[in-house]
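Asks: coords below, sequence missing:
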């Protein structure tokens, strides 16, 4: 199993956990929670694979992703029945999956033979699109449309940094690590200190 | 013409009729009603075909689907101008198209060489996604996100039953009939007796 | 560079400009404005290419589209900081990109070997889908769902006229020009004189 695959599976699991914690506030039934968990976890990667004509789509090729999501979601549901929902884990998980998905998305786009602006954009799509679909399906305005906190911007900065460091000759694994830390760090800093781009 | 194709065309026609009855409450013009009818009727199958890389997409390969939808929608529009809209037909049609689309979706996924969790999931996607897109486009919270009544759950149970019966050696046609009856039956029972999964 | 390509790039640029003018009312940050500009400008063509299995998708094949969108959006943002937002340009731009995208969509579908109802429908999808995605992402009811003004209807009439004139033997360039004028003219007339189809 490659590092990329391990990152993908971890990202999907983390996204499922945090989406269940978010969904817990929305009066859904078990099926609704599972739909939210699956859509949030695979949405970004699915749109990336469709846009790049990369078939079979990652979770069609390897259904282990679906099992990981369902198991992660069920364990989270059991956990929050017994203990109070860990709000910090929610935000940490959401930021962490944004970071992992973004860099995974850039790397997969590079493997498909594209670089530069396309790779950066596909990183942002992979990182953000799952959450956008989730928000649209629950009739909320997506985070990226609300402004005031870095979200897609954090993904773009991290993706660009990763591409820049690699272009400057840095080892891909180290660059991807720094990219992930940058996306996650910017997102956490934005939440903690209320940092955001100015609104129009 | 295969039984699968007859089921597809019937499902599309029923979905168009019931979506026009639903759309009748939303202050749309003729074009808006047609867009709703098309999106609801082909949405689920289109997403399934995109995810499975099954090209040409069913209605691109055979535009008869579009003619069936437009004709069904127009006849329904004329009908409701003369007679009162049949509310029971609305719910019956919606449940019937959910049932037919779900089992058709499972069978097409099997034909594409996938089974198990993927086939069940594609059945649910084929059954539910058209209605989800319709609800998102009219700014309503999709049924599957509202809880309280079986909808995607009915589709999942019927799809799983169909797959299980087939795996147990039952003839595919009988199994698909039982699958359709199960999805539709669960959906109607859920509406009539207010059955649903518990909310979180 | 073919006339079709010039039309595509102009359409994308005009759509980016008018979507920034629309986005200016929504309290977005710079990233949100860029996401709206990109989604509105490439959304319709992307869905068309996915449905027709036309890969690489136009902006994946040629990232100049992304640069044109970002540049157009940035220049518009600078402009509206200095001068008051030109409301007439907003509506003109929106109608013009609807017209250009529609006819480009029909022509590309013809090139892919489809005609008739499919070509007309893909024209409407190319013309309208970007705006639909934008409206869904900002939690507004899409124009085509609001009725009262010609929008998708204008696209459908123009697309049908273009196909009919070509079938009648008219030169493709003249027919596409007349198609664009028809879509834009109907849209502008609908706005100025409040023309629309009757509501149900």
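Replies: Noted; the coordinates are in hand. Note that this is a predicted model, so its numbers are computed, not measured. Numbering: from 1, shown residues only, chains lettered A, B, ... in the order given.
Asks: C-alpha from now on. contacts and neighbour counts both.
Replies: Noted.
Asks: pull up the residues of chain A that are close to chain C.
Replies: Neighbours of chain C within chain A, by CA under 8 Å from any CA of the partner chain: A:50-53, A:117-118, A:132, A:136, A:139-142, A:144-148, A:152-153, A:197-200.
Asks: let's see 6 Å
Replies: For chain A, the residues found near chain C under the criterion CA under 6 Å from any CA of the partner chain are A:141, A:144, A:145, A:147, A:197, A:198, A:199, A:200.
Asks: where's the dip in pLDDT among those residues?
Replies: The member of the residues of chain A next to chain C with the lowest pLDDT is residue A:200, at 70.
Asks: burial check on residue A:110, number of neighbours?
Replies: Other residues lying near residue A:110 total 17 when counted by other CA atoms under 10 Å in any protein chain shown.
Asks: list the contacts of stretch A:27-40.
Replies: A:16, A:19, A:130, A:131, A:134, B:144, B:145, B:147, B:197, B:198, B:199, B:200 (CA atoms under 6 Å, 6 or more residues apart in numbering or on different chains).
Asks: so what's the fourth one up against?
Replies: Put plainly, it is residue A:131. By CA under 6 Å, 6+ apart, residue A:131 lies in contact with residue A:40.
Asks: distance of it from residue A:98?
Replies: 9 Å (CA to CA, to the nearest Å).
Asks: next one: the third one
Replies: Residue A:130 is 10 Å from residue A:98, where distance means CA to CA.
Asks: again with the second one
Replies: Remark: distance between residue A:19 and residue A:98 (CA to CA) = 12 Å.
Asks: returning to that earlier point: of the residues of chain A next to chain C, which is the nearest to chain B?
Replies: Top of the list for closeness to chain B, among the residues of chain A next to chain C and by CA to the nearest CA, is residue A:141 at 11.3 Å.
Asks: three-state assignment of that closest one?
Replies: coil (DSSP: H, G, I helix; E, B strand; the rest coil).
Asks: ok now do it, which residues does it touch?
Replies: For residue A:141, the contacting residues are C:138, C:139, by CA under 6 Å, 6+ apart.
Asks: switch to 8 Å and redo it
Replies: Neighbour list for residue A:141: A:135, C:137, C:138, C:139 [criterion: CA atoms under 8 Å, 6 or more residues apart in numbering or on different chains].
Asks: looking at chain A, which residue lies furthest from center?
Replies: residue A:82 (27.0 Å; CA atoms, centre = their mean).
Asks: quick one: the strand or helix carrying residue A:185 to chain centroid distance?
Replies: Using DSSP states H and E, the element containing residue A:185 is helix A:172-193. Its chain's C-alpha centre and that of helix A:172-193 lie 13 Å apart, by CA atoms, centre = their mean, to the nearest Å.
Asks: so which elements touch it?
Replies: Where contact means 3 or more CA pairs under 8 Å, 6 or more residues apart in numbering or on different chains; DSSP states H and E, helix A:172-193 is packed against helix A:87-111, helix A:152-167.
Asks: let me have these in JSON lines, extended by distance to chain B and mean pLDDT.
Replies: Formatted as JSON lines, the helices and strands packed on helix A:172-193 follow (distance: least, CA to the nearest CA, whole Å; pLDDT from 0 to 100):
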{"stretch": "helix A:87-111", "distance to chain B": "17", "mean pLDDT": "91"}
{"stretch": "helix A:152-167", "distance to chain B": "22", "mean pLDDT": "97"}
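Asks: now the ones you listed as JSON lines including distance to residue B:193?
Replies: Formatted as JSON lines, the helices and strands packed on helix A:172-193 follow (distance: least, CA to CA, whole Å):
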{"stretch": "helix A:87-111", "distance to residue B:193": "36"}
{"stretch": "helix A:152-167", "distance to residue B:193": "45"}
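Asks: contacting residues around the residue in chain A that chain C sits nearest to?
Replies: Going by CA to the nearest CA, chain C is nearest to residue A:199 of chain A, at 4.3 Å. Counting by CA under 8 Å, 6+ apart, residue A:199 touches A:147, A:148, C:27, C:28, C:29, C:30.
Asks: out of the residues you listed, flag the one nearest to residue B:186.
Replies: Closest to residue B:186 out of these is residue A:147 (42.9 Å), distances taken as CA to CA.
Asks: where does that closest one land in three-state SS?
Replies: The local conformation at residue A:147, judged by three-state DSSP, is coil.
Asks: give me the phi and psi angles of it.
Replies: phi 70, psi 180 (degrees, to the nearest 10).
Asks: that one contacts residue A:196, doesn't it?
Replies: Yes: between residue A:147 and residue A:196 there is a contact at 7.0 Å, judged by CA atoms under 8 Å.
Asks: who has more neighbours out of these two?
Replies: A count of neighbours by other CA under 10 Å puts residue A:147 above the other of residue A:147 and residue A:196, at 24 against 20.
Asks: got the contact list for that one?
Replies: Neighbours of residue A:147 in contact, by CA under 8 Å, 6+ apart: A:196, A:197, A:199, C:27, C:28, C:29, C:32.
Asks: inside helices: which ones of the residues you listed?
Replies: residue C:32 (DSSP state H).
Asks: identify, from the contacts of residue A:147, the entry nearest to residue A:61.
Replies: residue C:32 (33.1 Å).
Asks: closest residue of chain A to chain B?
Replies: residue A:29 (4.3 Å).
Asks: now residue A:191. Nearest residue, chain neighbours left out?
Replies: Distances taken as CA to CA, 6 or more residues apart in numbering or on different chains put residue A:149 closest to residue A:191, at 6.7 Å, once the chain neighbours are dropped.
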